[in-house]
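Q: quick check, what structure comes out for this input:
(one chain, ligands or ions: 2)
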Amino acid sequence: MTGPTSVVATAGHVDHGKSSLVRALTGRDPDRYEEEKRRGLTIDLGYAWTDVPGAGTVAFVDVPGHERFVPTMLAGVGPVPVVLFVVAADGGWMPQSAEHLAALDALDVRYGLLVVTRADLTDPGPARDAALAELRRTSLGDVPAVACSAVTGDGLDDVRSTLAQVLGNVPVPDAAAPVRFWVDRSFSVTGAGTVVTGTLAAGTVAVGDEFVVGGRTVHVRGVQSLERTVDRVAGVARVALNLRGVDRRHVRRGDALLTPGTHVRTDVLDVRADTGDLPAELVVHLGSAAVPARVRPLGGALVRLQLRAPLPIVVGDRLLLRDPARHEVLGAAAVLDVLPPALRRRGAAAARAGELADVLADGHGPDLASELRRRHLVRGATLRAMGVPVAGRPVVGDWYADPAWWAAQRARVPEVVRSHRAQEPLQPGPTLEHVRRTLRLPDLDVVTALVADPLRVRDGRVVERTDDLPPAVERAVAAVLADLAVAPFAAPDVERLRDLRLGRSELAAAVRAGRLERVADGVVLAPGYRDRAVAALRAVPQPFALSEARKALGTSRRVAVPLLEALDAAGVTVREPDDRRRLR
Ligand SMILES: Nc1nc2c(ncn2[C@@H]2O[C@H](COP(=O)(O)OP(=O)(O)OP(=O)(O)O)[C@@H](O)[C@H]2O)c(=O)[nH]1
Ligand SMILES: [Mg+2]
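A: Ligands and ions are numbered 1, 2, ... in the order given. The predicted model follows:
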């Protein structure tokens, strides 16, 4: 290919000379089918290209003008940023002139030129002036106008130079952008398999690339642009891709090849329409796709669309809304949310409208802060797929949180721990899973990240650093410790424990809290009892019998037996063959 490439779509009423003009400019007939040639009517999209001095290679997507084929026209212009608007000098402003223009306006097409064809038949002035007045009121604004004849060739050079001038102003799209390649044709080639064609609006496609189409993964086996084989091509360009991994029947006009991990495939979305009352049913056009949708008003210009089939969409996309029954382009809608919450409760729609009021307001693009305010907590991967730019740090893993919401959740964790304690006084604290469910959080890593001083995570539970016992247990434990301060090895007996209402689980809680130490079942002493026992046993002649140890420690057999066994196990005492022991 020589120099830059551009893609230009035609538009205009049936029979006004669009295809004739493309043929005169390129030397190629955009009407490919025998039926089109026989009837002199474009039925499907046509493609032709040529070198234009000062503009490099220009590809044309030639659209049909007949009112029956407006959906086909929309599939052709959907991904194309520049229009060649055709009006016949002897035809003037006609219904599909108006409908095509309304569509271009809804698509926000800003670059184009007006060509008044069939100028050999009559004065092009009135048709030109009428058309310019109409175009001026749309996103196209003031465009240059040229008169020509495809029959005599008059004015064609003027068309070329004006086209070059218009194309010089069109911004070059981001070659690194995620790819959403709208397919407008698919066919199979013997020996090569599936081939799809379309207009690549932005991003780059290269041999070997992996894409997702309709949930399937496909690989690019070959790339062509304008019948030339290339390694890679960046938008804007007409592209033909040879695909591996998909049957031709599974990828058709209206499907899109997507960079993996980008573009949410959704059949429900919230939008802001730029037009008044909408019918209950309409058709949504995006790229080369057209999908019927049900309309649910939320309030004001905000609307929920329920699509009959999912579309790959990002926040900020612009949809064209059309009423096929009345042959009317209704207007455009800006996509505000591609993963909206279900609306179940009464008044949910109105509340939702309030939430969305600021989204994409004043022409701003999608923004992270606003998404987080509404969603509270969302994965970075989801944000990227929604088309929301991700910046800053995740709170944990790939999770991003609204700062105010995060602070509020953090403040709620101690409440959850307190109320769990009230219900389960003998547990050291709620499990992470309990906190996750109570706060309705998506995973345990998020809970862990929320736990802050003086709380901490121990053995999968959220506990206080100082393990408080319930007041009654605390008082009973204090009484036991007071007894042990006097007689350190006289562990409380069954009766004493019963009087103090220290059952198995209360003792276990006191042990977990580190207030008592367990020697054996139902036998507890003050923490650090081993060191104290060793000190007491030093005063005894070595080796010593159980009864001597019992006397030195001032305790009963019930305590002395497990205590000495604990000392053996700790390697502090050694047991001789005659059952006597000595300190190591
Ligand atoms: N005299 C004259 N006839 C023209 C000119 N351009 C197109 N025509 C004729 O006008 C008729 C329609 O031309 P097309 O190019 O098929 O029109 P179109 O806009 O592509 O029509 P659709 O694709 O069906 O919407 C044909 O009979 C052409 O020969 C022109 O500049 N001068
Ligand atoms: Mg035509």
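Q: and Leu450, how far from ligand 1?
A: Leu450 is 63 Å from ligand 1, where distance means Cβ to the nearest ligand atom, to the nearest Å. Where you see a C-beta, it was placed from the backbone N, CA and C, and this is true even at glycine.
Q: list the contacts of that residue.
A: By Cβ atoms under 8 Å, 6 or more residues apart in numbering, the contact set of Leu450 is 406, 409-410, 413, 435, 439, 441.
Q: of all those, which two lie farthest apart?
A: The span of the contacts of Leu450, defined through Cβ to Cβ, is set by Trp406 and Val435 at 14.7 Å.
Q: what about stretch 360-376, average pLDDT?
A: Stretch 360-376 shows a mean pLDDT of 87.
Q: got it, and stretch 123-142?
A: Taken as a whole, stretch 123-142 has an average pLDDT of 98.
Q: gap between the two ends of that stretch?
A: End-to-end distance for stretch 123-142, by Cα to Cα, to the nearest Å: 21 Å.
Q: same question, stretch 33-48
A: One end of stretch 33-48 to the other measures 14 Å (Cα to Cα).
Q: buried ones in stretch 287-304?
A: Buried residues in stretch 287-304, counted by 16 or more other Cβ atoms under 10 Å: 287-291, 293, 295-296, 298, 301-304.
Q: get me the contact residues on this structure for ligand 1.
A: 12, 14-20, 40-42, 64-66, 117-118, 120-121, 149-151 (Cβ under 6 Å from any ligand atom).
Q: just those residues: which are in strands?
A: Counting by DSSP state E, the part of those found in strands is Thr117.
Q: which of the residues of the chain next to ligand 1 are buried?
A: 12, 14-20, 41-42, 64-65, 117-118, 120, 149-150.
Q: ok, and of these, which contact ligand 2?
A: Here is what survives when these are matched to ligand 2 using Cβ under 5 Å from the ion: 18-19, 42.
Q: quickly find the element holding Arg238.
A: strand 237-244 (DSSP states H and E).
Q: quick check: mean pLDDT of that strand?
A: For strand 237-244, the mean per-residue pLDDT is 96.
Q: buried residues in it?
A: 237-243.
Q: try stretch 128-140
A: Using 16+ other Cβ under 10 Å as the test for burial, stretch 128-140 gives 128, 131-132, 134-135, 138-140.
Q: now stretch 571-578
A: Quick answer for stretch 571-578 (16+ other Cβ under 10 Å): 572-573.
Q: CA atoms only: put that stretch into PDB for me.
A: What follows is stretch 571-578 as a C-alpha-only set of coordinates in PDB (Å, rounded to 0.1, in the frame of the first residue of the first chain):
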ATOM      1  CA  GLY A 571      11.900 -32.300  78.000                       C
ATOM      2  CA  VAL A 572      12.400 -30.500  81.400                       C
ATOM      3  CA  THR A 573      12.300 -33.700  83.500                       C
ATOM      4  CA  VAL A 574      13.600 -37.200  82.800                       C
ATOM      5  CA  ARG A 575      11.800 -40.300  84.000                       C
ATOM      6  CA  GLU A 576      14.100 -43.000  85.400                       C
ATOM      7  CA  PRO A 577      13.300 -46.800  85.000                       C
ATOM      8  CA  ASP A 578      12.200 -46.900  88.600                       C
END
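Q: pull out the buried positions in stretch 194-214.
A: Going by 16+ other Cβ under 10 Å, stretch 194-214 has these buried residues: 194-205, 209, 211-214.
Q: need the next SSE after the one helix or strand Lys37 maps to, C-terminal direction.
A: Take DSSP H and E as the rule and Lys37 turns out to sit in helix 34-39. Next helix or strand after helix 34-39 toward the C-terminus (DSSP H and E): strand 46-52.
Q: quick check, the helix or strand following that following strand touching ligand 2?
A: Where DSSP H and E defines the elements, the next helix or strand beyond strand 46-52 is strand 56-62. No. If you take Cβ under 5 Å from the ion as the test, strand 56-62 misses ligand 2, and the best it gets is 5.9 Å.
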